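In: everything below, folded, please.
(one chain, ligands or ions: 2)
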Amino acid sequence: MSEELKKEERSLNFLEEIIEDDLKSGKYKSIVTRFPPEPNGYLHIGHATSICLNFGLTKKYGGYTNLRFDDTNPTTEDTEYVESIKDDVRWLGFEWKNELYASDYFDQLYGFAIQLINKGLAYVDDSTSEEIATLKGTPTEPGKNSPYRNRSIEENLDLFQRMRNGEFADGSRTLRAKIDMAHTNMLMRDPIMYRIKHAHHHRTGDKWCIYPMYDFAHGQSDAIEEVTHSICTLEFVPHRELYDWFIEQLGIYPSHQYEFARRNLTYTVMSKRKLLQLVNEKHVNGWDDPRMPTISGMRRRGYTASALREFCDRVGIAKRENSVDLGLVEFFVREDLNKTALRRMVVFDPLKVVITNYNGGDAGEEILHSENNPEDPAGGEREVPFSNELYIEREDFMENPPKKYFRLAPGQMVRLKSAYIIRCDEVIKDADGHVTELRCSYIPESKSGADTSGINVKGTLHWVSVKHAVTAELRLYDRLFRVEDPSSEEGDFKEYINPDSLTLVKAAYMEPAMRNAVFGEAYQFIRKGYFVLDKDSSTSGMVFNRTVGLKDGWKAK
Ligand code: ATP
Ligand code: MG
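Out: Ligands and ions are numbered 1, 2, ... in the order given. This is a model prediction of the structure:
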């Protein structure tokens, strides 16, 4: 593991330091945080960082966390997203105190706007968005006052009321805060508080045709809920001044905003806008495609909630932008699955082995036993039938092997996992010289657990009995993008999609215990990787997703 990780483990993160100081000084008795998603897409692993952080802090220091949907943008939001977000937060293992919606505060926010108008701190502007942009100035040049800036309070009250009543067209007027058009912070140059949008809202329906801007909704929502530590990502640093200004002018609960660096991961994209493009343009099969960095995608792929929580906690948070290797997520997934996954034998690309000296009694077979999980002493065993016709992996045989090849080759011996030692006696080929079958003999005294043969072999292979095998489709996933940071490359990020991000094994041969595979259970296909049953499974066939390989395969390439 990296140095950076070890360091993070030792010390408190900067937010924990702030909170410990606040509690010690008596500024707060307990803390309140919120996780504030906009319901305009599915949550991704970046959001998981924010969830673990917000819920983790109140778990550690006492208090609670609200789930607040930041739903002030009627045209992009949908209840489908609300439901998926709730599912994902619960699946990650967190329960919110209150389920809240910024839209529930529309009346209060409207009242706050009237308060500011009455204080002479807000005005209705008839300028078009182009005119507003022109008068805004640049970071090095001050802006100019709008010609509508000095309207009387009465006129502003009247116009704002009429905006609300629906008398004006979209975009024809805005309500702006009256701050300072020469302010060094561009966001303080009379920011827009309300815009006109005749749009249906997923919760308030057609009640409103004016909607508050993020900056006029977020801090006030925090204040209404008495959030003590409002945590967001670094791009909101310049917004903090405005956040404080509104709270101060309105004299409401003094919530404070703190910022940390977004979680970025290599070989993927994380903005919802980009993820939506991947879904809409069918580069992936929906938001929960197992290649997506969404929480629902990772869950379907077989990542566990505990591995994701562990990833978020151990990687920690930073004050500067950085990027974490996707391989690190996989490291935590593997670490977790190794402890819990049931071991099973599955042959991806079969080569038939006939054991010529095995008759297996009347039934022609015997039942062997194999541990479910060597890491878990309480994990028990399963039955594995053995017979004289087996499949091994084609890649586990070589006709002309190099030195120190410990798998099967003519005249060479290997152990079949939890079964016997076999020796390859004869190689059968078809007319094209293609190997179709191996004739082998087994050593009866070499049975696993009762081996008296005295023979030492180095290689152990997985196998399945032909007549007992169950077939299934396997979906092997690789990184969705072939470059580390697709968003920073030239051209469209979609040009960098990895064409081999999905490989299908149409019919793999599984040991019969896999007949009882259940959703949500993790399996380690021995020597192959970790797998879970996919929701596309039906009575006509099982489908498995490869969660992750046994080792980091990407680096090797
Ligand atoms: P995106 O840019 O992916 O669309 P967003 O910031 O618009 O994300 P929101 O729904 O507004 O998404 O985010 C909800 C919360 O999650 C916010 O507090 C936001 O700061 C946080 N968040 C979003 N993306 C990340 C990320 N990559 N790392 C950490 N926190 C994030
Ligand atoms: Mg957002």
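
In: all contacts plus neighbour counts: C-alpha atoms, from now on.
Out: Fine.

In: list the buried ones in stretch 239-258?
Out: Within stretch 239-258, the residues that qualify as buried are 239-240, 242-244, 246-247, 252-257, counting by 16 or more other C-alpha atoms under 10 Å.

In: now the residues you listed as TSV including distance to ligand 1 and pLDDT?
Out: Below are the buried residues of stretch 239-258 laid out as TSV (distance: C-alpha to the nearest ligand atom, whole Å; pLDDT from 0 to 100):
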residue	distance to ligand 1	pLDDT
His239	13	98
Arg240	13	98
Leu242	17	98
Tyr243	14	98
Asp244	17	98
Phe246	19	98
Ile247	19	98
Ile252	21	98
Tyr253	20	98
Pro254	18	97
Ser255	15	98
His256	14	98
Gln257	11	98
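
In: would you map the strands across the stretch 1-150 of the chain?
Out: Per DSSP state E, counting those that start in this stretch, the stretch 1-150 of the chain carries strands over the ranges 31-35, 63-69, 99-101, 122-125.

In: if you count contacts, what does the second one end up packed against?
Out: Which is strand 63-69. If you count contacts as 3 or more C-alpha pairs under 8 Å, 6 or more residues apart in numbering; DSSP states H and E, strand 63-69 packs onto strand 31-35, helix 45-61, strand 99-101.

In: switch the cut-off to 6 Å
Out: Counting by 3 or more C-alpha pairs under 6 Å, 6 or more residues apart in numbering; DSSP states H and E, the packing neighbours recorded for strand 63-69 are strand 31-35, strand 99-101.

In: turn these into JSON lines, including mean pLDDT, distance to Glu310 and mean neighbour count.
Out: What follows is the helices and strands packed on strand 63-69, written out as JSON lines (pLDDT from 0 to 100; distance: least, C-alpha to C-alpha, whole Å; neighbours: other C-alpha atoms under 10 Å):
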{"stretch": "strand 31-35", "mean pLDDT": "98", "distance to Glu310": "19", "mean neighbour count": "24"}
{"stretch": "strand 99-101", "mean pLDDT": "98", "distance to Glu310": "25", "mean neighbour count": "17"}
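
In: of the ones you listed, which is nearest Ala507?
Out: strand 31-35 (43.6 Å; C-alpha to C-alpha).

In: who does that closest one touch, helix- and strand-wise?
Out: Using 3+ C-alpha pairs under 6 Å, 6+ apart: strand 31-35 touches strand 63-69.

In: what comes up buried for the strand it packs on?
Out: For strand 63-69, a neighbour-count test (16+ other C-alpha under 10 Å) marks Gly63, Tyr64, Thr65, Asn66, Leu67, Arg68, Phe69 as buried.

In: next helix or strand past the helix or strand hosting Arg439?
Out: Assigned by DSSP states H and E, Arg439 belongs to strand 435-442. Going down the chain from strand 435-442, the next helix or strand is strand 460-461, by DSSP H and E.

In: pLDDT of that following strand, averaged?
Out: For strand 460-461, the mean pLDDT works out to 98.

In: how far does it sit from the chain's center?
Out: Centroid separation for strand 460-461 versus its chain: 35 Å, with C-alpha atoms, centre = their mean, to the nearest Å.

In: other residues contacting that strand?
Out: Contacts with strand 460-461, where a contact means C-alpha atoms under 6 Å, 6 or more residues apart in numbering, come from Val414, Arg415, Leu416, Lys417.

In: so which of these are in strands?
Out: Val414, Arg415, Leu416 (DSSP state E).

In: return the member of those nearest to ligand 1.
Out: Nearest to ligand 1 among these, counting by C-alpha to the nearest ligand atom, is Leu416 at 46.3 Å.

In: what ranges do the strands span in the stretch 301-450 of the chain?
Out: Under DSSP E, counting those that start in this stretch, the stretch 301-450 of the chain gives strands at 322-324, 342-344, 346-347, 350-355, 365-371, 381-387, 389-393, 413-416, 421-429, 435-442.

In: quick one, helices of the stretch 101-250 of the chain?
Out: Using DSSP state H, counting those that start in this stretch, the helices assigned to the stretch 101-250 of the chain run over residues 106-118, 129-135, 153-165, 214-224, 240-250.

In: turn the strands of the stretch 1-150 of the chain into JSON lines, columns for distance to ligand 1.
Out: Output for the strands of the stretch 1-150 of the chain, formatted as JSON lines (distance: least, C-alpha to the nearest ligand atom, whole Å):
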{"stretch": "strand 31-35", "distance to ligand 1": "6"}
{"stretch": "strand 63-69", "distance to ligand 1": "8"}
{"stretch": "strand 99-101", "distance to ligand 1": "13"}
{"stretch": "strand 122-125", "distance to ligand 1": "26"}
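
In: what sits up against stretch 266-285?
Out: Residues outside stretch 266-285 that contact it (C-alpha under 6 Å, 6+ apart) are Gly41, Gly286, Asp325, Leu326, Phe481, Val483, Glu484, Asp485.

In: quick one: buried residues of it?
Out: So stretch 266-285, judged by 16+ other C-alpha under 10 Å, has buried residues Thr266, Tyr267, Thr268, Val269, Met270, Leu275, Leu276, Leu278, Val279, Val284.

In: and stretch 210-226, by the same measure?
Out: Of the residues in stretch 210-226, 210-212, 214-226 count as buried by neighbour count, 16+ other C-alpha under 10 Å.

In: residue numbers of this protein in contact with ligand 1?
Out: Contact residues, the chain versus ligand 1 (C-alpha under 6 Å from any ligand atom): 36-38, 46-47, 49-50, 232-233, 262-264, 270-272.

In: separate out the buried members of those.
Out: Those of the residues of the chain next to ligand 1 that meet the buried threshold are 36-38, 46-47, 49-50, 232-233, 262-264, 270, by 16+ other C-alpha under 10 Å.

In: report the buried members of the ones in strands among the contacts of strand 460-461.
Out: Neighbour counting with 16+ other C-alpha under 10 Å marks Val414, Arg415, Leu416 as buried within the ones in strands among the contacts of strand 460-461.

In: need these in CSV (columns: distance to Asp336).
Out: Shown next, in CSV, are those (distance: C-alpha to C-alpha, whole Å):
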residue, distance to Asp336
Val414, 30
Arg415, 28
Leu416, 27
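
In: and the residues you listed, which is closest to Ala378?
Out: Leu416 (23.9 Å).

In: which pLDDT does the model give the closest residue to Ala517 other than its chain neighbours?
Out: Of all residues not flanking Ala517 in the chain, Leu533 sits nearest, at 7.1 Å (C-alpha to C-alpha, 6 or more residues apart in numbering). Leu533 carries a pLDDT score of 98 in this model.
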